[in-house]
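**Student:** I'll drop the sequence and a predicted model, then ask my questions.
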Amino acid sequence: MNRKWKSIGFAAFAAALSLSASFAEAAGVLTIGRREDSTTFDPIKSAQNVDNWVFSNVFDVLIRVDKTGTKLEPGLAESWTISGDGLTYTFKIRDAKFSDGSPITAEDAAFSLLRIRDNKGSLWSDSYKIVETAEATDPKTLTVKLKTPSAPFLSTLALPNVSVLSKKAVEAGEDAFAELPTASSGAFIVKEWRRGDRVILEKNPNFWQADRVKLDGVEWISVPDDNTRMLNVQAGQLDTAIFVPFSRVEELKKDANLTVLTDTSTREDHLLINHEHGALAKKEVRQALDMALDKKAIVDTVTFGIGTVANSYIPKGSLYHYDANYQYPYDPAKAKAMLADAGASNLSLNYVVNAGNEVDEQIAVLLQQQLAKAGVIVNLQKVDPSQSWNMLIDGSYDISVMYWTNDILDPDQKTTFVLGHDTNMNYMTRYKNDKVKDLVAAARLELDPKKREALYVEIQKLAKDDVHWIDLYYSPYINVARKNVENFYQNPLGRFFLEDTVKN
Amino acid sequence: MSARAVSLSHAGWRTFLGKRTMLVAGASILLFFILMAVFAPLIAPYDPILQDGSARLQAPSLPHPFGTDNFGRDILSRIIWGARIDLQIAFIGVVFPFVIGTIVGTVAGFFGGIVDAVFMRIVDIILAFPFLVLMLSIITILGPGLSSFYIAMALVGWVSYARLIRAQILVLKNNDYAVAAVSLGFGRMRIMFRHLLPNAIAGSIVFSMSDAVLVLLSGAAVSYLGLGVQPPVAEWGVMVAEGQSFITTAWWITLFPGLSIVCLAFGFSILGDALGELLGVHE
């Protein structure tokens, strides 16, 4: 998923301050503080974590990702079979009801799958173009035919955006549904959405696992300022807060009323390199840059030792991560010599930095000094996040730091986006390697897990050798909860298991 | 910060301190910072942009009297070097609006009629926008950086000076000596800039002192928002912004540069007040 821009305006900040006094405290209602408010309740119309993390507790999916974020488990689909040619998938829908009491049928499932593929407003249609037909062969059986075999297909069904929606409720009015869904298939229903302020969820008594849900409700409250949000949890005005800044972890850990939770994520921060700009087209130059960077220092300074140095674009703990992948040693002297050999001893780079992003700015200041030791002059260009994204797309940059979090457990999505010569110029890097491109396509079709893993190992080695970008570090989700909250957990793909959360 | 015409001075200071004491105090504060800026390479104990991973987030101590930031940079050294940038901001940010505003105000006041109407409507248009909003829009168009800040300042800041001077000229041009100069057949340029302007300018000079405070704060605000001084250059506003995320754990990163801004602004403010008294300008 693309970078989630955080833009903290002064207005929002002021609004947050004035709000902080008015948090309602109700028994069994969990309050969660976050940076931004939701943008929609129509799952196909958002690609942002702020929305997806709420969707997954309001709508259920056919197939879920488990708590470890590495395995698929049955959701609304009780079981499924795959035909020998890998083209036909048959799902058995379990006995379950929407929150309005109507049964969840195969027809609703087929409708939801075709809608994300065909709807004009869908941001995800490309991912589901592989679906040839989806139909309800009987009220409890969904049959999906694919155009070509696809190894990652099942894992794409776990995406919150392809959740099973009530056909009746959506067809009654798409826009009204996006504001306030009238039927939920998940653990909670949306009771009220105060735009810019909070989303109020209430337990769904018709949820098929309703006895699993302990909370009466959940409130997602937006508190944009990091300092204010942390203070609210410390003062007990919020039960939990997400997006804890690295710099606050040590201090919060000392508070006896709080638990700091670091849950494994798939987040990887990396340095994008524009391969079309002069000397950066040479592999040796990019390798020299990789050697000039002291990633350990970044982990220590920026993440306060919480992150870990990255060695592959597939994050540690994810499917097919190659742990033995090569890691360029930190050696500024050798980097300088390599740059001289490549005829790039007077390299000067334009570094696009997101203004207002604390972590980005810190990395920039660090990298500038590190690269100076290898004789590379770095000009920092701080720009508004809305602008920097376009600058990356237009190619008006040399280097820039970005991050990525996986949406599905299969590595295909990120691999295609980053190395598969997709429409986005390999995530704006303009990296070109036809051998890698062919391997990415082959890995998508390979259904044997062993052979597939071998392909991904090969891809990771080649990408590292080419330095398509520079892997910097992996970091966990950092959340904070008061001691009376139990089982507040986020899996690596970001899903909160609020159906298991308890507030004592 | 939109009410730029409001002076920061308070009548209370005048009764509390004699005007001479105020003049000396204001000038001393200013001189202190100027000396600090000039001799920065000699007095700063460390390189202001040198990062030291082994000395991160250290509280004030003997080797680092003002502590260190999250990169292990010495705060004191950064404040000393930052004086160069902040004084430059206060100076350039005042000079261009002062010169432009004075010329426009003189011409508009002297000629009157259509010339006056055109210039004053432009002034009205610029004043119709909140000051900081207009500044930020211009800087966003030009791209972040100090030079953009100066250009934006020159484009927006001159209106206050133009209005001040114009009002003075309107009064002065009907004085006997001005009428006499006209009847003696002196050229318009000579009358405007040699006879009228020297008598009209005192108010602007006093205003420029309190304006320097506002420019300094605008510069800090713009840098705080990431549109002014670019890292790793040390500037007080940037330093405050960088320390924001550590405010509950490492207060010294924000406190000392913040205090520096306050001190310099205070110096300008009382100097302006004292000058006003001496030059006989009443508000």
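**Tutor:** Perfect, thanks for sending it. Predicted model only: the values in this text are computed from it and were never measured.
**Student:** list the contacts of B:Phe96.
**Tutor:** B:Tyr150, B:Met153, B:Ala154, B:Gly157, B:Trp158 (Cβ atoms under 8 Å, 6 or more residues apart in numbering or on different chains). (Glycine included, C-beta is placed from N, CA and C.)
**Student:** dump the residue contacts of the residue in the stretch 251-400 of chain A that chain B sits nearest to.
**Tutor:** Residue nearest to chain B within the stretch 251-400 of chain A: A:Ala355 (3.0 Å; Cβ to the nearest Cβ). A:Ala355 sits next to A:Glu361, A:Lys382, A:Val383, A:Asp384, A:Pro385, B:Pro144, B:Leu225, B:Gly226, B:Leu227 when contact means Cβ under 8 Å, 6+ apart.
**Student:** quick one: which helix or strand includes the spatially closest residue to it that is not a sequence neighbour?
**Tutor:** Excluding the flanking residues, the one nearest A:Ala355 by Cβ to Cβ, 6 or more residues apart in numbering or on different chains is B:Gly226, at 3.0 Å. Assigned by DSSP states H and E, B:Gly226 belongs to no helix or strand.
**Student:** pLDDT score for B:Gly226?
**Tutor:** pLDDT recorded at B:Gly226 is 74.
**Student:** picking up where we left off before, and the contacts of A:Ala355, which are buried?
**Tutor:** Buried subset of the contacts of A:Ala355 (neighbour count, 16 or more other Cβ atoms under 10 Å in any protein chain shown): A:Glu361, A:Lys382, A:Val383, A:Asp384, A:Pro385, B:Pro144, B:Leu225, B:Gly226, B:Leu227.
**Student:** wait, doesn't the fourth one sit right on B:Thr140?
**Tutor:** This points to A:Asp384. Yes. Counting by Cβ atoms under 8 Å, A:Asp384 does reach B:Thr140; the two are 7.1 Å apart.
**Student:** state the distance from B:Met36 to A:Thr133.
**Tutor:** Distance, B:Met36 to A:Thr133, using Cβ to Cβ, to the nearest Å: 76 Å.
**Student:** scan the chain for its longest helix.
**Tutor:** Reading this off chain A. Using DSSP state H to define each element, chain A has its longest helix at helix A:449-466.
**Student:** hm, I was asking about chain B
**Tutor:** helix B:75-111.
**Student:** name the residues of that one that are buried.
**Tutor:** B:75-87, B:89-90, B:92-98, B:100-110.
**Student:** mean confidence score for that helix?
**Tutor:** pLDDT averaged over helix B:75-111 gives 93.
**Student:** helix or strand right after that helix?
**Tutor:** Downstream of helix B:75-111 (by DSSP H and E), the next one is helix B:113-128.
**Student:** same for that next one, what does it pack against?
**Tutor:** helix B:75-111, helix B:146-172 (3 or more Cβ pairs under 8 Å, 6 or more residues apart in numbering or on different chains; DSSP states H and E).
**Student:** which residues does whichever strand or helix holds A:Asp300 contact?
**Tutor:** Counting by DSSP H and E, the element that carries A:Asp300 is helix A:295-302. In this structure, residues lying in contact with helix A:295-302 by Cβ under 8 Å, 6+ apart are A:246, A:305-310, A:330, A:359, A:362-363, A:366-367, A:370, A:471-473, B:53, B:56, B:70-71.
**Student:** pretty sure the residue nearest to A:Ala355 contacts B:Pro144?
**Tutor:** Yes. In terms of Cβ under 8 Å, B:Gly226 counts as a neighbour of B:Pro144; the distance is 6.6 Å.
**Student:** who touches both of the two?
**Tutor:** By Cβ under 8 Å, 6+ apart, the residues touching both B:Gly226 and B:Pro144 are A:Ala355, A:Lys382.
**Student:** re the thing from before, would you turn the contacts of A:Ala355 into JSON lines with distance to B:Glu242?
**Tutor:** Putting the contacts of A:Ala355 into JSON lines (distance: Cβ to Cβ, whole Å) gives the following:
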{"residue": "A:Glu361", "distance to B:Glu242": "8"}
{"residue": "A:Lys382", "distance to B:Glu242": "12"}
{"residue": "A:Val383", "distance to B:Glu242": "18"}
{"residue": "A:Asp384", "distance to B:Glu242": "18"}
{"residue": "A:Pro385", "distance to B:Glu242": "18"}
{"residue": "B:Pro144", "distance to B:Glu242": "16"}
{"residue": "B:Leu225", "distance to B:Glu242": "13"}
{"residue": "B:Gly226", "distance to B:Glu242": "11"}
{"residue": "B:Leu227", "distance to B:Glu242": "15"}
